[in-house]
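Asks: mind folding the following:
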Amino acid sequence: MPIVAQSTETADWVSRFADDVIEESERRAPGKPVVVASGLSPSGPIHLGNLREVMTPHLVADEIRRRGYEVRHLISWDDYDRYRKVPAGIEGVDESWAQHIGKPLTSVPAPQGSSYPNWAEHFKAAMIASLAELGVEFDGISQTAQYTSGVYREQILHAMKHRGDIDAVLAQYRTKKAPKKPQQKAVDEAELEAEEGSGAASEDDGSSGSAGYFPYKPYCGTCEKDLTTVTSYDDDSTELAYVCNDCGHAETVRLSEFNRGKLVWKVDWPMRWAYEGVIFEPSGVDHSSPGSSFQVGGQIVGIFGGKQPIGPMYAFVGISGMAKMSSSRGGVPTPADALKIMEPQILRWLYARRRPNQSFKIAFDQEIQRLYDEWDKLAAKVADGSALPADIAAYTRAVGTAAGELPKTSRALPYRTLASVADITAGHEDQALRILSELDPDQPLASLDEARPRYDKAEAWINTHVPADQRTIVRDEPDAELLKSLDEASQQSVRLLLDGLAEHWSLDGLTHLVYGVPKVQAGFSADATPKELPPEIKTAQRTFFALLYHLLVGRDTGPRLPTLLLAVGQERVRRLLGE
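Replies: All right, here's what the predicted structure looks like:
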């Protein structure tokens, strides 16, 4: 169903931007498709901070489609950008790749073992696969293809002809002291790396060289690097002379026929706004501070006969649980990393529910269980009609697009339960099915496929993000010494549990049983509510739980006890508890 805002009070941020974009598009380009844009540089793994560059316009474009408009979401692959540095932690890549610094990304070899023809295609492929899983429709534009085929020839010649005007705009900012970035406390390595951005924001604007200002950089005809200086240019003949500062190669070319170079970043971006007719494009903090690319581009775009897009500055996307990730990988997690441990609906929801200027974190640690609990509660509220309008909008945007709903888990069992089962069964699917089928005896799970893909995501999280010392290993034999040392009250609590096992063998039943034992021991009904009980009962429950964990897994804590008991199995539980 379309999501149409009824008023500004109930509209979510996506609806409000959609209103603005539709109005602006009808003013600038009536009758034409609405154009929104993203730009991604495949200079290395494209991380979850970069994903906000795509998800923000995607959500707005999707809302506009739901309203019946034709929309193009462009993703410009900045694969003709220079290779700036050798990223850390990429398998098959060492310092020998430094010899390629300065070349276009499409001229750099792919990491060893890759099936892709070059560096850019290797890193684009992973992002394209993730976007497909997330339901993101887009028109991809390779800037290598655009530049090397001469698509931008007229725009390049126009920029060179008006280089004095462009230089005058840029000169306003060159002598100014760079403003300090807004002070946001970067709480982890992920945010620090995200803050760096692609590097394009600080790229050379073409002002170097004694021959004057030129907004165009040729790639050297010998070494392919952009370490070149334009030494002269003739507007009438379009003859351009350059020298390579790396290998010494020099040549004169006719720019009206030459396709081996590109406009400098601060000119390239506004040129594309004008060429594509972009109405909406967000920008990261590295492009949005005073004097940086987005602001300067807003003045330069007029030289190309266009207008600056509307669009917000988007904030950092942080990561919780980075310390538990392998340090050898380097960098920060990618959308593919997140999609291994969470369903696409959850990842979409994280970007949909927060305004672009609000930072948020993506959980790779225990917080993912709380996140899933929150999601499941929201789903229940949406189903019974008690959710708030903005929450309903974010949920609806998460579960599907204008094209339809995303594939989903048919039996959405609690993520923390699935993680516990995956932890305890260690890859034995028959055991996992046995346990999960006993969660609800009235509606037993017939096949593990009913719990997929959520079960697979939870299993992947357990296997890749839970440290070995936190994994659950059930005892092989009873702890005879501990059993012998139990006082009368502890023995009684264990007996009460064993006596109720058969009757309460389900997730709800065992929950009632384990919480009820300390109540019964204290002389209360097992059904007594917390308001009816003294505070000491909570202490007694914690003590009882710790005893059971020690008897079953040899630790103070572990997975939720009802799930753990089901996982261990009734016969083994009885044996480990000394029966």
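
Asks: tell me the contacts of residue 207?
Replies: Going by C-beta atoms under 8 Å, 6 or more residues apart in numbering, residue 207 touches 167, 170, 174, 213. Every C-beta, even on glycine, is put in place using the N, C-alpha and C of the backbone.

Asks: my error: substitute residue 455 in the last question.
Replies: Applying C-beta under 8 Å, 6+ apart to residue 455 gives the contacts 409, 413, 418, 421-422, 432, 436, 448.

Asks: filter these to the buried ones?
Replies: Buried members of the contacts of residue 455, counted by 16 or more other C-beta atoms under 10 Å: 409, 413, 418, 421-422, 432, 436, 448.

Asks: strands of the stretch 201-350 of the chain, start to end?
Replies: 216-218, 228-233, 239-244, 250-254, 261-263, 283-284, 313-314, 317-320 (DSSP state E, counting those that start in this stretch).

Asks: can you list the contacts of residue 455 in a markdown table and add pLDDT, secondary structure and distance to residue 354?
Replies: Shown next, in a markdown table, are the contacts of residue 455 (pLDDT from 0 to 100; DSSP: H, G, I helix; E, B strand; the rest coil; distance: C-beta to C-beta, whole Å):
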| residue | pLDDT | secondary structure | distance to residue 354 |
| --- | --- | --- | --- |
| 409 | 97 | coil | 24 |
| 413 | 94 | coil | 27 |
| 418 | 95 | helix | 26 |
| 421 | 92 | helix | 31 |
| 422 | 94 | helix | 29 |
| 432 | 92 | helix | 34 |
| 436 | 91 | helix | 33 |
| 448 | 96 | helix | 34 |
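
Asks: do you know how far the closest residue to residue 29 other than its chain neighbours is from residue 314?
Replies: Closest residue in space to residue 29, ignoring its immediate chain neighbours: residue 277 at 5.6 Å, by C-beta to C-beta, 6 or more residues apart in numbering. Residue 277 sits 22 Å away from residue 314, going by C-beta to C-beta, to the nearest Å.

Asks: between these two, point out the one with more neighbours.
Replies: The neighbour comparison of residue 277 against residue 314 (other C-beta atoms under 10 Å) goes to residue 314, with 24 against 20.

Asks: name all residues that make contact with residue 506.
Replies: Taking C-beta under 8 Å, 6+ apart, we find residue 506 in contact with 438-441.

Asks: what does whatever helix or strand residue 542 lives in rub up against?
Replies: Using DSSP states H and E, residue 542 sits in helix 536-553. Helix 536-553 is contacted by residues 472-475, 478-479, 482-483, 486, 490, 493-494, 497, 514-515, 517-519, 521-522, 524, 530, 555-558, 561, 564-565, 568, 573, 576-578 when judged by C-beta under 8 Å, 6+ apart.

Asks: only the buried residues of it, if you could.
Replies: So helix 536-553, judged by 16+ other C-beta under 10 Å, has buried residues 537, 540-541, 544-545, 547-553.

Asks: next SSE after it?
Replies: Next in sequence after helix 536-553, counting helices and strands by DSSP H and E, comes helix 561-568.

Asks: average pLDDT across that following helix?
Replies: For helix 561-568, mean pLDDT rounds to 90.

Asks: what distance separates that helix from the centre of its chain?
Replies: Mean-position distance between helix 561-568 and its chain equals 33 Å (C-alpha atoms, centre = their mean, to the nearest Å).

Asks: which neighbouring elements make contact with the helix or strand that that helix is followed by?
Replies: On the C-terminal side of helix 561-568, the nearest following helix or strand under DSSP H and E is helix 570-576. Packing partners of helix 570-576 (3 or more C-beta pairs under 8 Å, 6 or more residues apart in numbering; DSSP states H and E): helix 536-553.

Asks: CA-only coordinates of the helix it packs on in PDB, if you can.
Replies: C-alpha atoms of helix 536-553 as PDB (Å, rounded to 0.1, in the frame of the first residue of the first chain):
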ATOM      1  CA  GLU A 536      14.000 -11.100  47.900                       C
ATOM      2  CA  ILE A 537      12.300 -13.400  45.400                       C
ATOM      3  CA  LYS A 538      14.300 -11.800  42.500                       C
ATOM      4  CA  THR A 539      17.500 -12.500  44.500                       C
ATOM      5  CA  ALA A 540      16.400 -16.100  45.000                       C
ATOM      6  CA  GLN A 541      15.600 -16.500  41.300                       C
ATOM      7  CA  ARG A 542      19.100 -15.200  40.300                       C
ATOM      8  CA  THR A 543      20.700 -17.600  42.700                       C
ATOM      9  CA  PHE A 544      18.600 -20.500  41.400                       C
ATOM     10  CA  PHE A 545      19.500 -19.600  37.800                       C
ATOM     11  CA  ALA A 546      23.200 -19.500  38.500                       C
ATOM     12  CA  LEU A 547      23.000 -22.900  40.100                       C
ATOM     13  CA  LEU A 548      21.300 -24.400  37.000                       C
ATOM     14  CA  TYR A 549      23.900 -22.800  34.700                       C
ATOM     15  CA  HIS A 550      26.800 -24.300  36.800                       C
ATOM     16  CA  LEU A 551      25.200 -27.700  36.700                       C
ATOM     17  CA  LEU A 552      24.500 -27.600  33.000                       C
ATOM     18  CA  VAL A 553      27.300 -25.600  31.400                       C
END
